[in-house]
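>>> model this:
(chains A and B)
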Amino acid sequence: MAERFPSPFDAEVPPGAEGWEDLYTYSLPFSDDRRDYEDSTFWFQDSIHWADPLTPWEATWYEYAIASLSQYNTRHYLIPPALGIDYRVLNGYAYLSPVPVLDGAEIEARVPQFMERAGFYFMNWDDLYDKWLIKIKALIAEMEALSFQPLPDKEDMEVITEGRGMGSGLTIQEEYRKLLNLGLKLWQYHFEFLNLGYAAYLDYFGFCKEAFPNIPDLAIAKMVAGVDVDLFRPDDELKTLAKIVVDDGLEAQLAGGLSALEGTSFMDHWDSVKEPWFNFSAGTGWYHTDKIWIEHPEIPLEFITDYVARIKAGDDIARPTDEIRKERDRIVDEYTALLGSEEDKEAFQGKLGLARVVFPYVENHNFYVEHWAHSVMFRKMKELGDVFLKEGFFADRNDVFYLKRDEVNEALWDMYSAWAVGTAARGPVYWSGEIGRRRGILAALKEWSPPPALGEPPEVVTEPFTIMLWGITSDSIGMWLGAGEDDTADLRGFAASPGVVEGPARVITSADEIGQLQEGEILVCPITAPSWAPVFGKIGAAVTDIGGMMSHAAIVCREYGLPAVTGTAFGTRNITTGTRLRVDGSSGTVTILD
Amino acid sequence: MNSEFVVWFDDYDPAHKPRIGGKNASLGEMIGAGLPVPPGLAVTTEAYETLRGNTRLASEVRALLAEIDLDDPVGLRSTSERIRSTIEAVGVAPHVEEAVREAYAELSRRCNEENLPVAVRSSATAEDLPDASFAGQQDTFLWIHGADNVVKAMRRCWSSLFTDRAISYRHETGHDHEVLAMSVGIQQMVEPTAAGVAFTLNPSDGDRSQIAIEASFGFGEAVVAGEVTPDNFLVDKVILEVHRRTISPKHTELVLSDDGDCVVWRNVEPERQRQPSVSDAELIEIACMAKAAEQHYGTPQDVEWAIDRHLPQGRNVMLLQSRPETVWSRKRRRTVAKPNSGFMDGIVSTLLSPVHARGKAATSTEGEDGRDGASE
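Have a look, this model is predicted:
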């Protein structure tokens, strides 16, 4: 077994990707300037959110997200043992490193401040969460109101008659800066509650593990899981639509797509729920290539078609919410009864109670931020891309994502300035060559296999969010160090959702491929997205490379009763489509049968 | 119908306990509680009393006991053998034998099988100690069929009060040989595909949310007697999921002989040795049954179970015995909650010492058992 992971400085640049560093802000790549620190630190690849190389503009949201997460640990709540999570890009891929507070005295000093600050949030959680919902919706509305319009040949007469004294070239630059600011604010809101939510959950989790050393993570999660969860709402709406199709005999129209459904009861319901619920990404929500349901109705329509077939086959596709609720109460009652003393019963109820208070946020924020707000953000950026396209800067609206965030300001300046002066901008020539070069680099980076980790493994992992969200534990690190030497060995991961299933594998590396899944196949993928839920009725089991106990995949797999092993690290690498597998979601093993 | 010499398990009443011993009483109680125990009956201590009423036999036994030298194990064994053969040589009183034969015939009728195979077990008792299991070797005779054999096995149960081990144990603990009595259980015997034991807590750490199950092919005596290394499973008591399984190579099994006459040891074919002896569905059934036994008694249990080859899935798990678990149940349970601490204290201490950093608890399912190549 290796003693350390490869150094980020030894990573070879894939052929054709030379100069990739310039695609990102100067602080993102590993560099000789910080070599001592970077080489002696532990970095893990975040393929939950960023499985593919980041385009220059998409890297913005990576930076916004991780800096915002960090800011709350470090500066808002003063999480005693943990500062933020440091982040880098290597060959286009995201690498993270939790930063501990090493000085015991400093940890000590942070404790009372943490108690005061975090305590305030816990004590006022419901009120603050209500406020959060108002804030986040207002933010999305503000983002929705942004408008990127081509610059006019001449300013409207009103600009003159109202004496505005400013023109469209300034407006478009302002709108873009607003978009960036709203984006950073969005990510600040995202982490306003999340870190504290995880902390409360971990406290409850720790108590359960101490009282019942062998309790499955699944049981702990089931006791707090919400029944009416916003994240499941898009899928629930598809089921409702499928029921309308069956009840009102609209199958023929469904086959003809949305236009054929115009004027039907289906369309009435579709129109009433598409905002916001179909602002749902078929991917993780981090890439401009992720398809959004509302923009690609063929995706939800295909899921609805599957549901219609299941209803007609006699399946009850509705989530049995009453049973889920009753089962949750039964589980809580039984574990409570198994505790040894009244003090423990009381403490358990208290911790469970707090975990349930914080959990709606943990479960729901993903819809509001990564799905809804990101959908709007990418739509707006594509509108901006259209403006550049019209001005001849780009050959494709999506070229806008191959500019760094501040380069967009420069390009807007170039476009505005040429418009103002009345001459030709440099952009059309400059960017056509440059974007072609960058697309080539990104294509070359996509061929690279990022190692799961880099640098010095830590003795123990203590940063709670690294454990909760990314599933990085001392165990998984050991597994990564030992693995990769034998490609045919069984894979081990988290027992995310119980059951044992055998079947042929289908390796899926992007959301576009999920249509290939056949009945009874085992989905093997880097990570599943919540929007893949509808395929879970079809597949036998799921195996993911990455994922902790609170990863979206784990939550959704449990919800749909699908055996799943998450965080196997090497699933997509060691398994090929067609290979027969045995997935044991109760013990967390995947056996390659042939 | 119960009589002076026979108490049916399904007619059991706690008042019967002194007459049928702890083991039989427990079988009766479990049937009364609706647990899936194979039917059977107890031959009461009154039947044994008829033997003790034989004054010639009593004085012979007393004389033999008197010559025992506990420091001479060889002599002890031979005296024990003489006592036992003396007891076994005496005829059973005709009215007792008739009652036992009639009860056995009735049990066979109830189970729709002529000459029903039964297990014949001793269940010792004393007037002031209804469960005197300490006092005698717990002899069990497997797969006895035919009334003659049942009567013979019953006599051997009676005589088992005087095995060398039982005698010396009573000497050491100061119990009187005279006050002891013996009841005998006669119970339908299932032919199991697999059998074993289950604890309604995790014996390695006392975790009460778990049910630990040990299982092997064939009759459960293979597991109880430690003749094979059984498969080992951990089932969560609440969500009823198997979440740890260690499949051991099982080289031998105790099965019915080819002619169906008796129980024999047999080598397990190599390709079957590493197969799990029970399915997940069966494990859940076993766990539910053990849990029901625990709920009935209100304290953690140690049960023996078997899967009846001849019953359909869902009705084939049989409870053969349930005893209170004694190791962890006697320990004082540690309180997990920290005294006088507010919710923020809990969160701070969790952050300072995340449970994941304390060991491998992060993923309870990644136990070491699963990694040593022994898992399926």
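>>> all strands for the stretch 1-150 of chain A, in order.
A:42-45, A:82-90, A:93-100 (DSSP state E, counting those that start in this stretch).
>>> From what I see, A:Val245 and A:Leu301 are in contact.
No. The pair A:Val245 and A:Leu301 fails to qualify as a contact (C-beta atoms under 8 Å) at a distance of 10.0 Å. Where you see a C-beta, it was placed from the backbone N, CA and C, and this is true even at glycine.
>>> Overlap in contacts, the two.
Taking C-beta atoms under 8 Å, 6 or more residues apart in numbering or on different chains as the criterion, A:Val245 and A:Leu301 both touch A:Leu254.
>>> Of these two, give the one with the bigger neighbour count.
A:Val245 (25 against 21; other C-beta atoms under 10 Å in any protein chain shown).
>>> What pLDDT does the model give the more buried one?
Note on A:Val245: pLDDT of 96.
>>> residues contacting it?
Counted by C-beta under 8 Å, 6+ apart, A:Val245 has contacts A:Glu251, A:Leu254, A:Phe266, A:Ile304, A:Val308.
>>> again with B:Gly346
B:Gly346 touches A:Asp203, A:Phe207, A:Ala347, A:Lys351, B:Lys338, counting by C-beta under 8 Å, 6+ apart.
>>> what does the stretch 201-350 of chain B have sitting close to chain A?
B:202, B:205, B:207-210, B:234, B:236-239, B:241-245, B:280, B:333-339, B:343-344, B:346-348, B:350 (C-beta under 8 Å from any C-beta of the partner chain).
>>> Which residue ranges of chain B form strands?
Ranges of strands in chain B, per DSSP state E, are B:6-8, B:40-43, B:118-126, B:140-144, B:180-188, B:192-199, B:210-217, B:231-236, B:242-246, B:252-256, B:263-267, B:301-308, B:317-324.
>>> mind giving me the domain split of the chain?
Here I'm looking at chain A. What the record gives for chain A is the domain set A:1-123+A:451-482, A:124-216+A:356-445, A:221-227+A:322-354, A:230-313, A:489-592, from automatic domain parsing.
>>> wrong one, I was asking about chain B
If you go by automatic domain parsing, chain B breaks into B:6-188, B:192-324.
>>> I'd like these laid out as CSV, including mean pLDDT and mean neighbour count.
Putting the domains of chain B into CSV (pLDDT from 0 to 100; neighbours: other C-beta atoms under 10 Å in any protein chain shown) gives the following:
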stretch, mean pLDDT, mean neighbour count
domain B:6-188, 86, 19
domain B:192-324, 92, 20
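>>> out of these, which comes closest to A:Ala420?
domain B:192-324 (67.7 Å; C-beta to C-beta).
>>> Between the two ends of that closest one, what distance do you get?
24 Å (C-alpha to C-alpha, to the nearest Å).
>>> number of nearby residues for residue 353?
Here I'm looking at chain A. 13.
>>> if you could check chain B rather than the one you did, that'd help
Neighbour number of B:Ser353 under other C-beta under 10 Å is 13.
>>> Quick one: the helices in the stretch 401-550 of chain A, in order.
Ranges of helices within the stretch 401-550 of chain A are A:405-421, A:427-446, A:464-470, A:474-482, based on DSSP state H, counting those that start in this stretch.
>>> Convert the C-alpha atoms of the second one to CSV, please.
This means helix A:427-446. Taking C-alpha atoms only, helix A:427-446 is exported to CSV below (Å, rounded to 0.1, in the frame of the first residue of the first chain):
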residue,chain,number,x,y,z
GLY,A,427,-13.2,40.5,-29.9
PRO,A,428,-14.5,38.6,-33.0
VAL,A,429,-10.9,37.9,-34.1
TYR,A,430,-9.4,37.6,-30.7
TRP,A,431,-12.0,35.2,-29.2
SER,A,432,-12.6,33.0,-32.2
GLY,A,433,-9.0,31.7,-32.0
GLU,A,434,-8.8,31.8,-28.3
ILE,A,435,-12.1,29.9,-27.7
GLY,A,436,-11.1,27.2,-30.2
ARG,A,437,-7.8,26.8,-28.3
ARG,A,438,-9.6,26.6,-25.0
ARG,A,439,-12.1,24.1,-26.2
GLY,A,440,-9.2,21.9,-27.4
ILE,A,441,-7.6,22.1,-23.9
LEU,A,442,-10.9,21.2,-22.2
ALA,A,443,-11.3,18.2,-24.5
ALA,A,444,-7.8,17.1,-23.7
LEU,A,445,-8.4,17.5,-20.0
LYS,A,446,-11.6,15.4,-20.2
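>>> taking the mean pLDDT, what do you get for it?
96.
>>> what does the first one give?
The predicted model assigns helix A:405-421 a mean pLDDT of 98.
>>> Show me what that helix is packed against.
helix A:168-211, helix A:374-390, helix A:427-446 (3 or more C-beta pairs under 8 Å, 6 or more residues apart in numbering or on different chains; DSSP states H and E).
>>> Identify all contacting residues around it.
Under C-beta under 8 Å, 6+ apart, the answer for helix A:405-421 is A:25, A:56-57, A:60, A:151, A:169-170, A:172-173, A:176-177, A:180, A:384, A:387-388, A:391, A:393, A:400, A:403, A:424-427, A:430-431.
>>> Would you write a PyMOL line that selects the buried entries of these?
The buried subset of the contacts of helix A:405-421, as determined by 16 or more other C-beta atoms under 10 Å in any protein chain shown, is captured in PyMOL by this line:
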select buried, chain A and resi 56+57+60+151+169+172+173+176+180+384+387+388+391+393+400+403+425+427+431
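>>> do you know how far the residue of chain A positioned farthest from its centre is from A:Glu155?
Most distant from the centre of chain A: A:Thr161, at 48.1 Å, with distances by C-alpha atoms, centre = their mean. A:Thr161 sits 11 Å away from A:Glu155, going by C-beta to C-beta, to the nearest Å.
>>> now swap in B:Arg266 and tell me
On the measure of C-beta to C-beta, B:Arg266 and A:Glu155 end up 98 Å apart.
>>> do the same with A:Glu447
48 Å.
>>> before we move on, back to that, can the helices and strands packed on helix A:405-421 go into TSV with extra columns for distance to A:Arg34?
Shown next, in TSV, are these (distance: least, C-beta to C-beta, whole Å):
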stretch	distance to A:Arg34
helix A:168-211	24
helix A:374-390	30
helix A:427-446	22
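>>> now these as CSV including distance to chain B?
CSV is the format used below for those (distance: least, C-beta to the nearest C-beta, whole Å):
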stretch, distance to chain B
helix A:168-211, 4
helix A:374-390, 30
helix A:427-446, 31
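>>> Nearest residue to the residue of the stretch 1-150 of chain B found nearest chain A in space, please, no chain neighbours.
Proximity of the stretch 1-150 of chain B to chain A (C-beta to the nearest C-beta) peaks at B:Ala33, 18.4 Å away. Distance criterion C-beta to C-beta, 6 or more residues apart in numbering or on different chains; nearest residue to B:Ala33, sequence neighbours excluded, is B:His296 at 4.4 Å.
>>> Please indicate which of the contacts of B:Gly346 are buried?
Judged by 16+ other C-beta under 10 Å, buried ones among those: A:Asp203, A:Phe207, A:Ala347, A:Lys351.
>>> Now pLDDT too, for these, in JSON lines please.
Below are the buried ones among the contacts of B:Gly346 laid out as JSON lines (pLDDT from 0 to 100):
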{"residue": "A:Asp203", "pLDDT": "90"}
{"residue": "A:Phe207", "pLDDT": "93"}
{"residue": "A:Ala347", "pLDDT": "94"}
{"residue": "A:Lys351", "pLDDT": "95"}
